[in-house]
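Q: Turn this into a model:
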Amino acid sequence: LNSERAILLKELERSNRELRELVFVTSHHLHEPTRKIFTYANMLFNSLRDKIDTDDRENLQFIIDGARKMQALVDDLLLYSEVIMRKERARVPVDLNEIVEKLRTKELASLLDATHGIIKVPEPLLPVQADPVQVRLLMQNLIANGLKFHRVGTIPEVTIRSSRCGDKEVRVSVEDNGVGISREYHNRIFSLFHQLQPSEDGTGVGLAICKKVVEQHGGAIGVESTPGRGSTFWFTLPIASRNCTIPVIVSKEIHIEEVKKK
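A: Purely as a prediction, here's the structure:
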């Protein structure tokens, strides 16, 4: 019985490995033709916009929008497959404060500028023992969602906190003042391709990536939310080893510089 079980487990591992490789290879090969469709359709639109009627311009715009959405989907699938493929990467002490600051000035800078959004860190975040690349992707997705899905007429605010969760874990919460999520969707939103609010740049992959990252580190992830009153996404990760050398950071509030009104 044990030998049969070992054979089945080995076969399952092989199948999962092949599936991960298939997702990665397929996404990679779809990237280039999708990029070309978007690029040349956009060039065609710009060169013909004054020579064709409204219906034709609209049809070309549909092609461009569809190609843009497909390009975003392929990019996110590549990220998802890379998260899976990085499962065995080394885990080191990670400074979440540094990650938030880098996201603010790099990956999330344009979104913060466009939304006039604010990221708050009332107290220094506790260090975790994790893959730094995956944790950065996790934080980026959760913060970006809080900035994107804000209420009309309200400046989006995202507040990040951390606390000890037992002796071995850190619980991190990412709270926003956005549109909120009905209870019936609290579990479904972490499924691949699930979107509550379909949008031009949304793909339904971001929260699935977050779930996969946390699970690969042995943690848990969830959401507490009420429609119209914002959401708090939380997750747990292993706490950094006691002998880590991450410096203590003075408590501060991180926010984007106020953007001048145009």
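Q: give the contact list for the residue positioned nearest the centre of the chain.
A: By Cα atoms, centre = their mean, the chain has its centre lying nearest to residue 141, at 2.3 Å. For residue 141, the contact set (Cβ atoms under 8 Å, 6 or more residues apart in numbering) comprises 206-207, 209-210. The way it works is simple: take the backbone N, C-alpha and C, and place the C-beta from them, glycine included.
Q: Remind me which helix or strand it belongs to.
A: Element membership of residue 141, judged by DSSP states H and E, is helix 132-148.
Q: any idea how far that helix is from the chain center?
A: Helix 132-148 sits 4 Å away from the centroid of its parent chain (Cα atoms, centre = their mean, to the nearest Å).
Q: pLDDT on it, on average?
A: On average, the pLDDT along helix 132-148 is 92.
Q: The stretch 101-250 of the chain: strands as residue ranges?
A: Secondary structure of the stretch 101-250 of the chain by DSSP state E, counting those that start in this stretch: the strands cover 118-120, 128-130, 157-165, 169-176, 221-225, 231-238.
Q: which residues of the stretch 101-250 of the chain score low on pLDDT?
A: Low-confidence segments of the stretch 101-250 of the chain (pLDDT under 70): 192-203, 242-250.
Q: give me that answer again for 50
A: Low-confidence segments of the stretch 101-250 of the chain (pLDDT under 50): 200, 243-250.
Q: Name the next helix or strand downstream of the single longest helix found in the chain, please.
A: Counting by DSSP state H, the longest helix found in the chain is helix 2-48. Toward the C-terminus, helix 2-48 is succeeded by helix 54-85 as the next helix or strand (DSSP H and E).
Q: buried set for that next one?
A: Residues of helix 54-85 classed as buried: 60, 63-64, 67-84 (neighbour count, 16 or more other Cβ atoms under 10 Å).
Q: what's residue 227 in contact with, if anything?
A: Neighbouring residues of residue 227 by Cβ under 8 Å, 6+ apart: 179-182.
Q: Most neighbours of all these, which one?
A: residue 181 (21 neighbours; other Cβ atoms under 10 Å).
Q: ok, and the closest non-adjacent residue to residue 234?
A: Nearest non-adjacent residue to residue 234, counting by Cβ to Cβ, 6 or more residues apart in numbering: residue 173, 4.5 Å away.
Q: and the one you found, what does it touch?
A: 160-162, 232-234.
Q: same thing but 7 Å
A: Counting by Cβ atoms under 7 Å, 6 or more residues apart in numbering, residue 173 touches 161, 232, 234.
Q: Make a markdown table out of those and add neighbour count and distance to residue 188.
A: Converted to a markdown table, the contacts of residue 173 look like this (neighbours: other Cβ atoms under 10 Å; distance: Cβ to Cβ, whole Å):
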| residue | neighbour count | distance to residue 188 |
| --- | --- | --- |
| 161 | 17 | 25 |
| 232 | 16 | 17 |
| 234 | 20 | 17 |
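Q: In a markdown table: those residues, plus distance to residue 28.
A: Below are these laid out as a markdown table (distance: Cβ to Cβ, whole Å):
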| residue | distance to residue 28 |
| --- | --- |
| 161 | 37 |
| 232 | 35 |
| 234 | 33 |
